[in-house]
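Student: pasting the sequence and the predicted coordinates here, then a few questions.
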Amino acid sequence: MNSTESISDDTHLSCAYLDSGLSFGFSKVFACGIVHDGIHPPVLVNNFKGGPIPWDFVQAARSEIIRQNQNGGHPNCKGCAHLTRRKKASRPLPVNWLGIQHWQGCNLDCNYCSLNTRRSSPRRPPAGTPLSYYKVGETIQSLIAEKQLDANAVIDWGGGGEPLLMPEFDSAFRLLARWGAEQWLHTNATVFPASLKKGAIDPSRVHVICSLDSGTRETYRRVKGPDLYARVWQNLHAYSLAGAEVYAKYIVLPDNSSRLDLQSFVNDAARFGRPILIGDIDLKTREVSDSIVEALAFLQRAAQAARLRFQLGGLCMHSALGNEVQRRVALVASTMHVEEPEPESVRELEYLHKVAVSKAKWQRRSWIKRTFHRWRPPQRSCKLTPGKSFAAGASPGRDFCGQPGESSPGIFR
């Protein structure tokens, strides 16, 4: 059988994004948000400026991309790990994954971000012209009105800029929450959404991914610019207490890969909300050095020692290079020794996190329920800092865990 022929009539080479995905990009609409091996996603609509989606044009573009994938491969899909043989849809599917990734504005200046470094970046418009931006609120409303957005759709906020700085973020965030969508925020966590703070959003449908890429204030300033390391951890802790799922990411670079930074990052994660940790490589990386592999292995082992959930690889590892890096990291980590923290200290931090989450959940109840159902901490005696009582309203993030980036003797050496 020729390699380009279908195995059966009811299957084809495609992916979930091609079948039911849509992504708003800078002046374009893409089929997905996956960048692999330095290749950008396939384009569905060029010169998009907002408003209703031209569905006939989108379906024709999707069909052509899928057709090419059966006959040697579409140039933007070749080598993508998501491209697999899957069952053909009997009819056009509603959008099940929506990427809102066209906003390029940001309040940080990350030294590895292509939007800051490349000459053709939309963040560097010609002198005297404003940052290009089109509104998506009307587009989202039309998707909902036309029943083109699945009721359980996944919304992916991110793509280069800080989505919470988008002028219409809060209104679109609320609209999608009312529709029932599951929302992923790729945020730098320097700001906190007002709607989540006010309890207007169901936090169980919100996931937060933040790249800190540092474990100390000094490294954070060197990599990202402003001195906001402590604020970021406090906001991530607030997301966790609100009930959102939080991921803290570390993109390992030559200038942030010291063991001091990596261990301090794990320490702060253990003290401020216990997020899921992600170790990753720079999106532009074409060759990964042994020192980067060793740093990723150390980060993995340190997270495991602290009993924190860890995953190796995010967006930047969806490629053949990423698979090879994961293999190398697993090999190094299997022989690496990392000093274990004191078990009692780990249990203490886990308990304090349970206490904080329990108190925050109780505080989100109506005043009637709070009146008749007093809050009680989870069962276990726990010595807190003298004079500090969480039941009296102390914050575990600020009052007895110290500040992010501070050393924590007795917890992790």
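Tutor: That came in fine, so what should we check first?
Student: only C-alpha atoms for contact and neighbour calcs from this point on.
Tutor: Noted.
Student: for residue 288, give me its contacts.
Tutor: residue 325 (C-alpha atoms under 8 Å, 6 or more residues apart in numbering).
Student: tell me the phi and psi of it?
Tutor: The phi/psi pair for residue 288 (degrees, to the nearest 10) reads phi -100, psi 120.
Student: if I look at it, how far off is residue 330?
Tutor: 14 Å (C-alpha to C-alpha, to the nearest Å).
Student: same check on residue 297?
Tutor: Distance from residue 297 to residue 330, counting by C-alpha to C-alpha: 7 Å.
Student: ok, now which ones touch residue 244?
Tutor: For residue 244, the contact set (C-alpha under 8 Å, 6+ apart) comprises 203, 204, 205, 206, 207, 208.
Student: in its sheet, what does the helix or strand containing the last one sit against?
Tutor: Going back to what we said before, that points to residue 208. Using DSSP states H and E, residue 208 falls within strand 206-211. In the sheet, strand 206-211 lines up against strand 182-186 (parallel), strand 245-252 (parallel) (DSSP bridges).
Student: helix or strand right after that strand?
Tutor: Sequence order places helix 217-224 as the next helix or strand after strand 206-211, per DSSP H and E.
Student: could I have the CA atoms of the helix or strand following that following helix written out in CSV?
Tutor: Downstream of helix 217-224, the first helix or strand assigned by DSSP H and E is helix 229-242. This file holds the C-alpha atoms of helix 229-242, laid out as CSV (Å, rounded to 0.1, in the frame of the first residue of the first chain):
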residue,chain,number,x,y,z
TYR,A,229,8.8,38.0,41.4
ALA,A,230,7.1,38.2,44.8
ARG,A,231,3.8,39.6,43.3
VAL,A,232,3.6,36.8,40.8
TRP,A,233,3.9,34.1,43.5
GLN,A,234,1.3,35.9,45.6
ASN,A,235,-1.1,36.0,42.7
LEU,A,236,-0.5,32.4,41.8
HIS,A,237,-1.3,31.6,45.5
ALA,A,238,-4.5,33.7,45.1
TYR,A,239,-5.5,31.7,42.0
SER,A,240,-5.0,28.5,44.0
LEU,A,241,-7.0,29.7,46.9
ALA,A,242,-9.8,30.8,44.6
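Student: how far is helix 229-242 from where the chain is centred?
Tutor: Distance of helix 229-242 from the chain centroid (C-alpha atoms, centre = their mean, to the nearest Å) equals 14 Å.
Student: contacts for that helix, please.
Tutor: Helix 229-242 has contacts (C-alpha under 8 Å, 6+ apart) with 188-192, 196-197, 203, 208, 212, 216-217, 220-221, 245-246, 268, 272-273, 275, 356-357, 360-361, 397, 403-405.
Student: thinking again about what came up before, residue 297 and residue 330 - which one has more neighbours?
Tutor: Shown here are residue 297 and residue 330; by other C-alpha atoms under 10 Å, residue 297 has more neighbours (24 against 17).
Student: next up, identify which helix or strand that one is on.
Tutor: Element membership of residue 297 [criterion: DSSP H and E] is helix 290-305.
Student: how about low-confidence regions in this structure?
Tutor: Along the chain, the model assigns pLDDT under 70 to residues 1-8, 116-132, 314-320, 341-354, 357, 359, 362-365, 367, 380-403, 405-413.
Student: out of the contacts of helix 229-242, which sit inside strands?
Tutor: Judged by DSSP state E, the subset of those located in strands is 208, 245, 246.
Student: of these, which is the most crowded?
Tutor: Busiest of those [other C-alpha under 10 Å] is residue 246, holding 23 neighbours.
Student: picking that back up, quick check, nearest of the ones in strands among the contacts of helix 229-242 to residue 96?
Tutor: Nearest to residue 96 among these: residue 208, at 19.0 Å, using C-alpha to C-alpha.
Student: neighbours of residue 9, how many?
Tutor: Neighbours around residue 9, by other C-alpha under 10 Å: 9.
Student: quick one: secondary structure of it?
Tutor: Assigned with DSSP: H, G, I helix; E, B strand; the rest coil, residue 9 falls in the coil class.
Student: if I look at it, how far off is residue 86?
Tutor: Relative to residue 86, residue 9 is positioned 11 Å away (criterion: C-alpha to C-alpha).
Student: again, but for residue 187
Tutor: Distance, residue 187 to residue 86, by C-alpha to C-alpha: 32 Å.
Student: and for residue 16?
Tutor: 9 Å.
Student: again, but for residue 76
Tutor: To residue 86, residue 76 is 19 Å away according to C-alpha to C-alpha.
Student: tell me which of the two has more neighbours.
Tutor: More crowded of residue 76 and residue 86, by other C-alpha under 10 Å: residue 76, with 19 against 14.
Student: show me where the protein has strands.
Tutor: 11-14, 21-25, 28-30, 43-46, 84-87, 95-100, 149-157, 182-186, 206-211, 245-252, 276-281, 310-312.
Student: out of those strands, which is closest to residue 377?
Tutor: Residue 377 sits nearest to strand 245-252 of all the strands of the chain, at 21.6 Å, using C-alpha to C-alpha.
Student: residues in contact with that closest one?
Tutor: 204, 206-214, 236, 239-240, 269, 275-282, 292, 295-296.
Student: now that strand - C-alpha only, PDB.
Tutor: Taking Å, rounded to 0.1, in the frame of the first residue of the first chain, the C-alpha atoms of strand 245-252 are listed here in PDB:
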ATOM      1  CA  GLU A 245      -5.800  24.800  38.800                       C
ATOM      2  CA  VAL A 246      -2.300  26.400  38.700                       C
ATOM      3  CA  TYR A 247       0.800  25.400  36.700                       C
ATOM      4  CA  ALA A 248       4.100  27.100  37.400                       C
ATOM      5  CA  LYS A 249       6.500  26.800  34.500                       C
ATOM      6  CA  TYR A 250      10.300  27.100  34.300                       C
ATOM      7  CA  ILE A 251      11.800  27.600  30.800                       C
ATOM      8  CA  VAL A 252      15.400  26.600  31.400                       C
END
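Student: and it, how far from the chain's centre?
Tutor: A distance of 7 Å separates the centroid of the chain from that of strand 245-252, by C-alpha atoms, centre = their mean.
Student: same check, this time on stretch 68-85
Tutor: Stretch 68-85 sits 25 Å away from the centroid of its parent chain (C-alpha atoms, centre = their mean).
Student: please save the CA atoms from it in CSV.
Tutor: C-alpha atoms of stretch 68-85 as CSV (Å, rounded to 0.1, in the frame of the first residue of the first chain):
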residue,chain,number,x,y,z
GLN,A,68,-2.7,17.8,1.6
ASN,A,69,-1.9,15.8,4.8
GLN,A,70,-3.1,12.6,3.0
ASN,A,71,-0.8,13.3,0.1
GLY,A,72,2.7,14.0,1.5
GLY,A,73,1.7,16.5,4.2
HIS,A,74,0.8,20.2,4.5
PRO,A,75,4.0,22.3,4.9
ASN,A,76,2.8,23.6,8.3
CYS,A,77,1.7,20.2,9.6
LYS,A,78,4.7,18.0,8.7
GLY,A,79,6.4,16.6,11.8
CYS,A,80,3.7,17.7,14.2
ALA,A,81,3.2,15.2,17.1
HIS,A,82,-0.5,16.0,17.1
LEU,A,83,-1.0,14.7,13.5
THR,A,84,-2.5,11.2,13.8
ARG,A,85,-4.8,8.9,12.0
